[in-house]
Every structure is written in C-alpha cells, then in structure tokens.
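Visitor: Let's see this in three dimensions:
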Amino acid sequence: MKKFYNINNGWKFYLEKNDPVMVNIPHTWNNLDGQDGGNDYLRTLARYEKEIDCPSFDREKEDVYIEFDGVNSECDVYLNSQKVIRHEGGYSTFRANITDHLVEGKNFLKVNVDNRPNQRVYPQKADFTFYGGIYRDVRLIVVNKERFDLDHFGGRGLKVSARPIEGYKKADVRVSCYLNTNRGDVRIIVSDMEGKEVFCQNAGRSLNEAHLECCIHEVELWDGIERPYLYNAKAQLVIDGEVADEVETRFGVRDFHYHPKTGFYLNGRSYALHGVSRHQDRKGLGNAITDEMHKEDMDLICEMGANTIRLAHYQHSQTFYDLCDERGMIVWAEIPYISEHMLEGRANTISQMKELIVQNYNHPSIVCWGISNEITISTKDKADMLDNHRQLNDLCHEMDNTRFTTLACYAMCGPFNKVAHITDTVSWNLYLGWYVPGLFLNDIWMRFFHMVYPDRSLGYSEYGCEGMPNLHSEHPRRGDHTEEYQAIYHEYMLRCFERNPFMWATHVWNMFDFAADARNQGGEPGMNHKGLVTFDRKVKKDSFYLYKAWWSNDPFVHITSKRFKDRTSGKIKIKVYSNQNEVTLFKNGNKIATKHGQHVFEFTTTLENECTFKAVSGSFSDEAVFRKVSRPNPDYKLKESGDNGANWTK
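Guide: Got it, this is the predicted structure:
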C-alpha cells in the first residue's frame, strides 16, 4: 500500500549570487517584486536543495517516487548528483521513480527551477505574473513494484466515466485502470457519499489495463450548486490474495449540453452559467498559497452566488478542483497557450494539454477544455497557429469524448477569424465600455455574432472594469477607476446578459484583483484591479454585492459607496443592492421611502452635515454614514491615470 511523506520543510534556497536562505514549500521568489510594477520582476534560474532521509522501504518489493504538485516554469531534479527528471510547464503534477538513486541514510536532493523567458514553454506573454518557484507541495511516495500506473502524464492510473440513463434514474459507470503489471486481479469498489458500498466487483483484465462497466440504480446526480452529489471509486490490485496497491477517486453522475439559442443545460434542464474567472495568487505570497486560502476563495465565490468558474489561465491546484466538485461549480479548465503563438512551443501545448486532461478527467465539475486564450495578440505564423489549434482540439476529443472544447478570443479578434471556429464553442474577452467607450456595443456585438452564426454557441470569457475601493466620484465615468463606475459597468452587463439569454456562459474578469507586474493603473502599479474582491481578500467591492443581489438566494441588503463618505452636494443618491423585493431607507432614524423592485434600489434625499442612513428589508439591514463637506476629498481622485492597461502587450 502507498505511503506518503511530505518534504515541504527545510529547503536551502539559492538565488543568483546571494547566500542561501532556509525556506519552506510552497515558495516563490517573486512574491514581492512580481507585484510592485515596472515589469522587472526577477526571471532567473534558481536552486533548491535539501537533505532527505531514505524512507523505510523493501527494495525487493517497493519503489519510491518523488512527486511535485507545481514548479514554475521549468525544472531539473537531481538526487545524489544524478538527474531524475526534467519537466517543462509550471502548473501540473509530475513525478519520477527515484528508487535506483536512493542510498541508505542521507540523500542530497537538488531542484533547479527556471522561469527565464524562452520560446518553448508557455506562458511567455500574458497579463499576469509568472511566479518562479516550487509553489505547491512536494512528497515522497513508497509504492509496491506492481501497481497502478504513476508514469503517465502525472495521472494515478484510474479513470471513471459516468452518465445518467433511463430518465436520470440510473447511471452507466465505466471504470478504467492502468497498471505497470499484467498480474493479479483488479477489484472495483464504488461507495456513495455516506460511505455505503454500492457495488464491489472484479474488473476484466487485458494486459496492463482493467475495465469494468456497471450500473448504479436509484442514482443521485451531481446536480450543480444545489446538490453536488459525489460517489467514490476505489480500485485495488490484488496479487496472491493480498492488496498490493490501491487508488481511489471521487466522481459524479451528470450530463450536460449546450444550445446556440438557449444556452447551457445540466441534467436535461436549462442551467444558465453565470460566474467568474479566477487567478490563484495572493498579496505578498504570489502563487505559493495554502489549502485554507483556496477554501477562502471558494467561500467568497459561493457567497456571491456564482455557478461557474473559468480557471484561468493554467492548470490550478487539485485542492481547488476538488472544491469545485464539492460545491457544484461548472468549470472551464485550460492550458496557458496564451497571447503569443510560439513556433517552437507546439510540443509544450500538447504535453500540457495531456497533463491537464489525464490529471483532471475524474472531476465532474469540469465540462470543457480550453484550448487557448487571446492567441491572436501576437501571431507571426497564422497557419502554424491554426494547425496547432486543430491538433489540440482533436487531441481533446480523442482523449475525452465526454466534454466539449472551447477557447477565449481576444477583443480585436473578429467574429470571422478562423481561430474562432475550431473548437466546439467559443467565448470572447470583451471590455466594451471600459477600454473603448460604449456599453451598448456589447448588445450589438452579441446580436451580430448570433445573427451571422446562429448555430455557433457564444459566451463571454472575460468582461470587466477596473475598480479601486479608495477612488470615488459623484459623476463616475469610464477610465476613472472608481468603485462607482465599476458598479455601473457591471449593472449594465448583467442586464445585457438578461437581454441576450443565448450565451452559453459568462465569466466576470476577475473574481479577485491579481498581480500583473507590467501594469500601472489605479495608483497601484503591478496590479490588475478588475477584481470584485481586493487582492488580499479583505474588501468586497460594491460590484461583489451587485452580483450577490443578482445570483444569491441568501437574503441581504447593501448600501453602496460607503467608502465615499465625504460629499459636496446637498443632495445625495443612495443606491442599495439587495436580493429582496422591497427596501426601506431611513435617515437619522426617520423613514425616507420604501421602494419595490429587483436588485438595485435608488433613493434621492438631502444631505446636511453628517447623516446616518439605514437600508432595511425585513430582518436584514445595512448602515452607512455620509457627510456634506465644502471641498472634494482629494483622496477620492486618481492622481495619475497610468497607461490604461495597454503596456503589458508591448
């Protein structure tokens, strides 16, 4: 049976000519300079070293693997001065058999980690920081010499497909196992969410594979955020009556499809996909974050009422995919084939896609594989780029015929561009009303595409607007980076999507502010501030509550612009977001008015000196204090406009 040994702690870290320092994994050397602007964060070759004790194992019967959950971007791993593996790609799990390199007692482990620019490994050009380091867990695994396969693109040798049949009353389940031996029997045990055994049966063997097809009666569906029911499949390799190895995974029973005129369907019913995109980094930590932080991100997304997440622009942590399964999120998973097509990078797109699919096949939350993002920004050879896309699209269908493919097109990529018609569905990254004037252009663009391509499913993979919680205006306008304009922008977009219900999915850019060291906007260099929540997760911007008013069923009332305390006008407009149908406003304890409606409630009243306002709906309320001042508060205005975000593409 497998034994796992975490080796995260106590590494010597060597950065260029500096003296070594002691660090624990997860770790990145760009946690500060990758977030401070200037596009000058250190992209270099660094080194991690550690002495490890040889684990207790039987050399005649067992092997030892080393497993890395994420090292960015390339790395070479050495044990006792012998190279054991090279890996190219910063976001996936990889492992190596180190048995023959281990000696009794102390062993010397060295990992060279490289995030320097090159023309082979994606990503190289994008609007986010490429943090260098060993930023996810590292462990040793002791395993039987006869075992489930650990050497195929970071997978675990177990693949489960499940689909509902007979009016969603039963499920067809196919379990496939891949082994390094043709000896023994493979026993499959499926249990329900409470741990009760559903069935136990030996799979049919064929050389180094084993397959079992079975039926779950009275099946419980994985049914989105309302009921994300998960089963568990365990496979045991039994040799001479003993369990030599076992592997298990959770899975869900669901089906889905999309329609170009009516959107997405889950388990046979219309299920409009509205949600967010997410980057994985944190303030002061970069991408070296903990499981607790992943959970906090998911809690915030769920609080807002989203039902889908685009996990951009790379393979995310297995911890987060597991959370998506548990919370019922519909997931778009993608590789970092982004912004710039590199003639020498095709092999890397193929290997990263294989790793993404093999390592994540069993997650019921994932419904599609993303081929690329904004690839037409920089394309020197269009024919080669298109051929790369066709190869990836065919690869996805070959490896997984249960999911569809998609890609995200750049704003300047026209609807007739060939790249937009390779995958099963397509989405666009459009910031109409932010980078260009005219929120109304969103309606025009959607309807034009839908008219020209009525049989092509269209989505919005990115839309958003910079919003700083410290910047405010009574007359917000495009480009001012105020919290108020961000809210106005998203109010329009939510109504726009209601007017155009044919969209297969919409994903806000972004759930959280994130680091993009090339940017200089909003008075805080190195950041993209389109998040609905700040980089440190401490401030929920007003737009967060707007989406909560639209999407969440948990009752609440929220007064907007609370941070915009000082006002110069004798009249004030109080805007309230709520998912209740009636809101009453009080000023200094006196009732102003009651409004009926949905989502957004506006009141106009006078403002004298300092006033306390309270919005009430049933037992739910919120308070804010505003005061009339003679001069505008200069802290509310952006001092320098920056570059409007264009410089990262240069």
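
Visitor: mind listing what K540 touches?
Guide: L300, L532, V533 (Cβ atoms under 8 Å, 6 or more residues apart in numbering). (C-beta placed from N, C-alpha, C; glycine too.)

Visitor: er, A505 actually
Guide: Residues near A505 by Cβ under 8 Å, 6+ apart: 263-264, 273-275, 308, 310, 330, 332, 427, 459-461.

Visitor: let's go with 6 Å and repeat that
Guide: Neighbour list for A505: L273, T308, G459 [criterion: Cβ atoms under 6 Å, 6 or more residues apart in numbering].

Visitor: Quick check: which element contains D394?
Guide: Using DSSP states H and E, D394 sits in helix 382-399.

Visitor: how about the CA coordinates for that helix, as PDB?
Guide: Provided in PDB are the C-alpha atoms of helix 382-399 (Å, rounded to 0.1, in the frame of the first residue of the first chain):
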ATOM      1  CA  LYS A 382      -1.100  32.200 -38.600                       C
ATOM      2  CA  ALA A 383      -1.100  28.900 -40.500                       C
ATOM      3  CA  ASP A 384       1.000  27.200 -37.900                       C
ATOM      4  CA  MET A 385      -1.100  28.700 -35.100                       C
ATOM      5  CA  LEU A 386      -4.300  27.400 -36.700                       C
ATOM      6  CA  ASP A 387      -2.800  24.000 -37.200                       C
ATOM      7  CA  ASN A 388      -1.700  23.900 -33.500                       C
ATOM      8  CA  HIS A 389      -5.300  24.700 -32.500                       C
ATOM      9  CA  ARG A 390      -6.700  21.900 -34.700                       C
ATOM     10  CA  GLN A 391      -4.200  19.400 -33.300                       C
ATOM     11  CA  LEU A 392      -5.100  20.400 -29.700                       C
ATOM     12  CA  ASN A 393      -8.900  20.300 -30.500                       C
ATOM     13  CA  ASP A 394      -8.500  16.800 -32.000                       C
ATOM     14  CA  LEU A 395      -6.400  15.700 -29.100                       C
ATOM     15  CA  CYS A 396      -9.100  16.700 -26.500                       C
ATOM     16  CA  HIS A 397     -11.800  14.800 -28.400                       C
ATOM     17  CA  GLU A 398      -9.500  11.800 -28.700                       C
ATOM     18  CA  MET A 399      -8.600  11.700 -25.000                       C
END
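
Visitor: D192: neighbouring residues, count only.
Guide: 15 (other Cβ atoms under 10 Å).

Visitor: contacting residues for it?
Guide: Contacts of D192 (Cβ under 6 Å, 6+ apart): V198, Y231.

Visitor: Next one: it from D566, what distance?
Guide: 58 Å (Cβ to Cβ, to the nearest Å).

Visitor: In the helix or strand of the chain with the lowest mean pLDDT, which residues are buried?
Guide: Ranking every helix and strand in the chain by mean pLDDT, DSSP states H and E puts strand 204-206 at the bottom, with a mean of 92. Buried positions in strand 204-206, judged by neighbour count with 16 or more other Cβ atoms under 10 Å: R205.
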